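Visitor: Okay, predicted coordinates and the sequence, questions at the end:
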Amino acid sequence: MADLFSSSDIPDPKGKAPRPLADRLRPQTLAEVIGQKQVLGPDAPLGVMLAAGALSSIIFWGPPGVGKTTIARLLADETDLHFIQISAIFSGVPELRKVFEAAKMRRQNGQGTLLFVDEIHRFNKAQQDSFLPHMEDGTILLVGATTENPSFELNAAVLSRAQVMVLTRLSPEDLEDLTLRAEDELGKPLPLTEAARHALYEMADGDGRTLLNLIEQVSAWTVKEPLDAEQLGKRLMRRAAKYDKSGDEHYNLISALHKSVRGSDPDAALYWFNRMLEGGEDPRYLARRLLRMAVEDIQLADPQAHTIALHAWETYERLGSPEGELALAQAVVYLALAPKSNAVYTAYKASREAARKTGSEPPPHHILNAPTKLMAEQGYGAGYAYDHDAEDGFSGQNYFPDSLPRTQFYKPVERGFERELSKRVSYFDKLREERKKSGKT
């Protein structure tokens, strides 16, 4: 390590270029990798594979800066495979052909190849299919890396031949370990208070590579006293939250918001709502989803929820940002605290399924209109009881097809306004039974 540069990055007499801190701290063995114990531990998938000496093709799925490339490179070292790295962004069919031909030659000479494909999800279907024969005959051991959900972005054929391993954001403890390792390499502690160190970890947002870049900047500063969190914030820009409005983070965060509202937690709901806004989400999308929550999860337990969500959307359209976003936040809180029910949704699905199965059954004749003499002769409208003329304004007649038994699809819950609806359902059921017994239906 004597030929490496200090934190001042002043070139040595040999004229070598300075090496970034992230490169200098790159692990040399899998045991040196910080974090990812769920993959690398002795009883974890990769640990078990290596112990058994039976490494299969792998897809690493995780956010940037968590070690996907490093682990792939170290896997090649651990298994004596020739390491080849390509990026799906810059490689096409010609490059892939060259890689496969070289791997075949290498295999004939007794050397296996670990092909690491960064951003593998960017390859189209045909390009992904080109890996299959070479994976099957052992020409290559494929290790792909992706930040996108493999279930949606990778071919089923590739997934069936590889094991997906999920790499996670580095925890605060992992980031602290990485910082201590960096300080040891730099030969001095960072000029930060304890609170500022934690602020630095927040800025890194679970990304080890980002943290090392920030540490490299901080270590170069000349300060008289350790900086506090506020001073650090003035000198460094906070890393933008990882959020792709069309990718996994979009769907993960809207799921978190929706489930927080459904779970009646206004604080968590506000947190996810603002996470999406901070990530640049269109407030109109959030307004539409809030209306969906009212319709899907609250329904008639609080009919006002629908109106609140709709008015919040309309208010945003009239006020715009940032004032209009407050109206949406009010709707978030109201919906989270509203009584919940999916009784109408359940009834809708059940009744639609019944309608699908019995779609040719005609209505009973007594509720059909008879605008012509022929229709009247056929019994249309015969025996119809006009409810307004009936006792209690309720005739109790059957409105289902004659061949279909009466079925209760709607079963209101004992929450919110649906308590009152439940009483009405019971009331009409009782009247219906009385009419039936008296022979008036």
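Guide: It's in.
Visitor: now stretch 354-365: mean pLDDT?
Guide: When pLDDT is averaged over stretch 354-365, the result is 86.
Visitor: Can you name the residues in contact with it?
Guide: Contacts of stretch 354-365 with the rest of the structure, by C-beta atoms under 8 Å, 6 or more residues apart in numbering, involve 378-383, 398-404, 407, 409. In short, each C-beta sits where N, CA and C put it, glycine included.
Visitor: Let's see that with 7 Å instead.
Guide: With contact meaning C-beta atoms under 7 Å, 6 or more residues apart in numbering, stretch 354-365 is reached by G379, Y380, A382, N398, P401, D402, S403, L404, T407.
Visitor: and the fourth one, how far is that from W272?
Guide: Spelled out, it's N398. Computed with C-beta to C-beta, to the nearest Å, the distance linking N398 and W272 is 48 Å.
Visitor: again with the fifth one
Guide: For P401, the distance to W272 (C-beta to C-beta) stands at 46 Å.
Visitor: So for the two, which residue has more residues nearby?
Guide: Here P401 and W272 are set side by side on neighbour count (other C-beta atoms under 10 Å), and the busier one is W272, at 21 against 13.
Visitor: dump the residue contacts of the more buried one.
Guide: L253, A256, L257, S260.
Visitor: Serialize the contacts of stretch 354-365 to CSV and add fields for secondary structure and distance to S87.
Guide: Putting these into CSV (DSSP: H, G, I helix; E, B strand; the rest coil; distance: C-beta to C-beta, whole Å) gives the following:
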residue, secondary structure, distance to S87
G379, coil, 76
Y380, coil, 73
A382, coil, 77
N398, coil, 69
P401, coil, 63
D402, coil, 68
S403, coil, 64
L404, coil, 61
T407, coil, 59
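Visitor: So this structure: which segments form each domain?
Guide: Recorded structural domains for the chain (assignment: automatic domain parsing) are 36-166, 172-235, 248-337, 360-438.
Visitor: and of those domains, who's closest to Y345?
Guide: Of all the domains of the chain, the one in closest proximity to Y345, counting by C-beta to C-beta, is domain 248-337 (6.2 Å).
Visitor: what's the spacing between that closest one and its chain's center?
Guide: Between the mean C-alpha point of domain 248-337 and the mean C-alpha point of its chain there is a distance of 17 Å (C-alpha atoms, centre = their mean, to the nearest Å).
Visitor: pLDDT weak spots in the stretch 251-400 of the chain?
Guide: Within the stretch 251-400 of the chain, no stretch falls below the threshold (pLDDT under 70).
Visitor: can you check the stretch 1-150 of the chain too?
Guide: Of all residues in the stretch 1-150 of the chain, those with pLDDT under 70 make up the ranges 1-17.
Visitor: hey, where'd the helices end up in it?
Guide: Residue ranges of the helices in the stretch 1-150 of the chain, as given by DSSP state H, counting those that start in this stretch, are 21-24, 37-40, 45-52, 68-79, 93-108, 125-129, 132-136, 150-153.
Visitor: And the strands in the protein?
Guide: Applying DSSP state E to the chain gives strands spanning 58-61, 82-87, 113-118, 141-146, 163-166.
Visitor: ok, and what's touching the last one?
Guide: Read it as strand 163-166. By C-beta under 7 Å, 6+ apart, the list of residues contacting strand 163-166 from outside reads V39, P45, L46, S56, I58, I59, F60, W61, G62, P150.
Visitor: which of those sit farthest apart?
Guide: Pairwise distances across these peak at 18.5 Å for S56 and G62 (criterion: C-beta to C-beta).
Visitor: neighbour-wise, which of those two wins?
Guide: Applying other C-beta under 10 Å to S56 and G62 shows that G62 carries more neighbours, namely 19 against 13.
Visitor: now that one: how far from V143?
Guide: Separation of G62 from V143 (C-beta to C-beta): 13 Å.
Visitor: Pick out the residue nearest the middle of the protein.
Guide: Centrality entry for the chain: nearest residue to the mean C-alpha point is N252, 2.3 Å, by C-alpha atoms, centre = their mean.
Visitor: what about that one, distance to D207?
Guide: N252 is 17 Å from D207, where distance means C-beta to C-beta.
Visitor: Equivalent analysis for A382, please.
Guide: Distance from A382 to D207, by C-beta to C-beta: 76 Å.
Visitor: Tell me which of those two has more neighbours.
Guide: Neighbour count, other C-beta under 10 Å: between A382 and D207, D207 has more, with 20 against 12.
Visitor: number of nearby residues for the nearest residue to that one once chain neighbours are set aside?
Guide: Taking C-beta to C-beta, 6 or more residues apart in numbering as the measure, D207 lies nearest to G65, with 3.3 Å between them; neighbours along the chain are not counted. G65 has 22 neighbouring residues, counting by other C-beta under 10 Å.
Visitor: now swap in L200 and tell me
Guide: Using other C-beta under 10 Å, L200 is surrounded by 22 other residues.
Visitor: Who are the contact partners of it?
Guide: L200 makes contacts with L192, L214, L232, as judged by C-beta under 7 Å, 6+ apart.
Visitor: swap the cut-off to 8 Å and go again
Guide: Applying C-beta under 8 Å, 6+ apart, one finds that L200 lies in contact with T179, L190, L192, L211, L214, I215, V218, L232, L236.
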